[in-house]
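> Sequence first, predicted model second:
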Amino acid sequence: MLIDTHSHIADAEFSKDQEAVIKRALEADVQKMIVIGTGLDSSRRAIALAEKYPFLYATVGLHPHDAKECNDALLDQFDQLTNHPKVVGIGEAGYDFYYNHSTIEAQRHAFTEQIRLAKKKELPLVIHTRDAWEETFRLFDAENIREHAENIGVVLHCFTGDKEIALQGTRMGLYISFSGIMTFKNAKAIQEAASTVDLDKIVVETDAPYLAPQGFRGKRNEPAYVTTVAEKLADLRNLPYDTIARMTTENAERLFHLPAA
């Protein structure tokens, strides 16, 4: 059994075959999936989809690309959405200095407010960070993220850093989520990180429809392909696939406070 801890299957890319995508995931023994919100509309879609299936869960949040949209009214609506029983986290929130679709100041504001909302609602936090590790950890220190990570849960989604960054995160109590990027032939730094950090802090994801793993490059990613991520992790750790599946599942259930399998 596996859990895809991060996908966007409520988005338009899956509108024509969403049910078939979910069926393929179940057939691949992906028994639970977290559907991620990146704005108000996508958060509402994630919740609506999670309502239909007992094994789907949702997060609500604002992606750093759209941080410029963050205001008190939007945050109030996210606050209300978190009262839904299928909502298990806040995010994805964070920094993206690669594209900079929103200013750094807007990203910092939106990120900070979502950290504080996660604390207020006692919900896990899903972090998106790209080309912004120094700024991310600086904000973590300012907002005392360690306490929330240790008591509630925080995950660095779609990890693209190196071993030292991963270890810095796990020392703060953060979980590290590895995606299809880890399977790419040139992803040596990420593979080294996946080989090094404590296994009880690792979860797996697809980030579907993005970042399909090796063997599916150029195709739309989907939750069934998280098995390829787990297989690569098993190879890197020199462990049986079943051990990786069991441990990453237990980690995901602990991180998102899900019912045990």
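Yep, it's here.
> which residues in the stretch 101-250 of the chain form helices?
If DSSP state H, counting those that start in this stretch is used as the criterion, the helices of the stretch 101-250 of the chain fall at 104-121, 133-142, 145-151, 163-171, 188-196, 226-237, 241-256.
> As TSV, those helices with distance to His157 and mean neighbour count would be great.
In short, each C-beta sits where N, CA and C put it, glycine included. Shown next, in TSV, are those (distance: least, CB to CB, whole Å; neighbours: other CB atoms under 10 Å):
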stretch	distance to His157	mean neighbour count
helix 104-121	13	20
helix 133-142	12	16
helix 145-151	14	17
helix 163-171	11	18
helix 188-196	13	18
helix 226-237	13	21
helix 241-256	11	19
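> Kindly present those helices as a markdown table, with separate columns for mean pLDDT and distance to Val204.
As requested, the helices of the stretch 101-250 of the chain are exported to a markdown table (pLDDT from 0 to 100; distance: least, CB to CB, whole Å):
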| stretch | mean pLDDT | distance to Val204 |
| --- | --- | --- |
| helix 104-121 | 98 | 22 |
| helix 133-142 | 98 | 21 |
| helix 145-151 | 98 | 19 |
| helix 163-171 | 98 | 14 |
| helix 188-196 | 98 | 10 |
| helix 226-237 | 98 | 5 |
| helix 241-256 | 98 | 5 |
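> would you turn these into TSV with distance to Asp76?
Formatted as TSV, those follow (distance: least, CB to CB, whole Å):
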stretch	distance to Asp76
helix 104-121	10
helix 133-142	22
helix 145-151	21
helix 163-171	30
helix 188-196	37
helix 226-237	34
helix 241-256	24
